[in-house]
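A.B. asks: Pasting a predicted model and its sequence here:
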Amino acid sequence: MLTYFKESYEELKNHVTLPSRAEASNLMVIVAVFSIVFALATWGVDSLFSKLIQLYFNALIG
């Protein structure tokens with residue numbers, strides 16, 4: 001287990017590079033836009049299913 005942590009640390013230290021500030025900002029915008037679109041899509045599907053279930057139970061009861 002100790003060897004794993006040592007090798008992981010060496011990998012991070014020698015082979016991982018951080019993106020530039022501009023690239024990180026661009027990626028952040030992409031993630032934010034995707035998150036908003038995904039949230040709106042989830043809300044839309046949830047609203048649709050809610051309406052369908054209401055219609056079903058209203059038809060079943062009424």
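C.D. replies: Structure received.
A.B. asks: pLDDT at Ala32, what is it?
C.D. replies: Looking at Ala32, its pLDDT is 98.
A.B. asks: tell me, which helix in this protein spans the most residues?
C.D. replies: Counting by DSSP state H, the longest helix found in the chain is helix 21-61.
A.B. asks: How much space separates Leu48 from Ala59?
C.D. replies: 17 Å (Cβ to Cβ, to the nearest Å). All C-beta atoms are positioned from the backbone trio N, CA, C, and that covers glycine.
A.B. asks: Helix or strand with the lowest mean pLDDT in this protein?
C.D. replies: Here the helix or strand of the chain ranked lowest by mean pLDDT, DSSP states H and E is helix 2-15, holding a mean of 95.
A.B. asks: Return that one as CSV; C-alpha atoms alone will do.
C.D. replies: What follows is helix 2-15, C-alpha atoms only, in CSV (Å, rounded to 0.1, in the frame of the first residue of the first chain):
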residue,chain,number,x,y,z
LEU,A,2,2.8,2.4,0.8
THR,A,3,4.4,1.6,-2.6
TYR,A,4,1.2,2.6,-4.3
PHE,A,5,1.1,6.0,-2.5
LYS,A,6,4.7,6.6,-3.4
GLU,A,7,4.2,5.8,-7.0
SER,A,8,1.0,7.9,-7.2
TYR,A,9,2.9,10.8,-5.7
GLU,A,10,5.7,10.5,-8.2
GLU,A,11,3.2,10.3,-11.0
LEU,A,12,1.5,13.5,-9.9
LYS,A,13,4.8,15.2,-9.3
ASN,A,14,6.5,14.3,-12.6
HIS,A,15,3.8,13.6,-15.2
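A.B. asks: For Gln54, give me the pLDDT.
C.D. replies: Note on Gln54: pLDDT of 96.
A.B. asks: contacting residues for it?
C.D. replies: Contact partners of Gln54, counting by Cβ atoms under 8 Å, 6 or more residues apart in numbering, are absent.
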